[in-house]
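Undergrad: The following block contains a protein sequence and its predicted model.
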Amino acid sequence: MEFSEIKKDEERLYKIGEMASILGVHIQTLRIYDKEGLLCPKRSDTNRRGYCEEDLQRAKVILYLTRSLAVNLNGVKIILKFLEKSRLKPALALELLSDIAKSAGISEEEIFNNLKRYDKA
């Protein structure tokens, strides 16, 4: 089944190009996240990636960690495992991460601008 054939009652899946465009990243970035196990998109019969809304939210968290807090991908893995075990939704995870950033000395204005940027999609 191709992603374009998904019925209306099924979850919307974004193709890799659509996902990259929404997030403002190169498609290779998403491929790296997949290879590193940070994102696990669904696959079509022809092995094409399909990203759901949860993947989109998770990618926002990854981008916030890597770009705003300068966390490397290994650090991102550890933080995401912690967030999964604590069963936080991605939006709450971003709030928690902004609190961590505040305690690390990053200004509220900078945090707000970063969160706003990643919440556009």
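TA: Okay, I see it.
Undergrad: Measure how buried residue 18 is and give me the count.
TA: The local packing count at residue 18 equals 15, with neighbours defined by other CB atoms under 10 Å. In this view, the C-beta of every residue, glycine as well, is placed from N, C-alpha and C.
Undergrad: Contacts only, for it.
TA: Going by CB atoms under 8 Å, 6 or more residues apart in numbering, residue 18 touches residue 51.
Undergrad: how close does it get to residue 99?
TA: Taken as CB to CB, to the nearest Å, the spacing of residue 18 relative to residue 99 amounts to 32 Å.
Undergrad: where exactly do the helices run in this structure?
TA: With DSSP state H applied, the chain shows helices at 16-23, 27-35, 53-63, 73-85, 90-103, 108-118, listed in chain order.
Undergrad: Turn those into JSON lines, including mean pLDDT and distance to residue 42.
TA: As requested, the helices of the chain are arranged in JSON lines below (pLDDT from 0 to 100; distance: least, CB to CB, whole Å):
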{"stretch": "helix 16-23", "mean pLDDT": "96", "distance to residue 42": "12"}
{"stretch": "helix 27-35", "mean pLDDT": "97", "distance to residue 42": "11"}
{"stretch": "helix 53-63", "mean pLDDT": "91", "distance to residue 42": "9"}
{"stretch": "helix 73-85", "mean pLDDT": "84", "distance to residue 42": "18"}
{"stretch": "helix 90-103", "mean pLDDT": "70", "distance to residue 42": "18"}
{"stretch": "helix 108-118", "mean pLDDT": "59", "distance to residue 42": "23"}
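Undergrad: Turn these into TSV, including distance to residue 41.
TA: Converted to TSV, those look like this (distance: least, CB to CB, whole Å):
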stretch	distance to residue 41
helix 16-23	8
helix 27-35	6
helix 53-63	6
helix 73-85	15
helix 90-103	16
helix 108-118	19
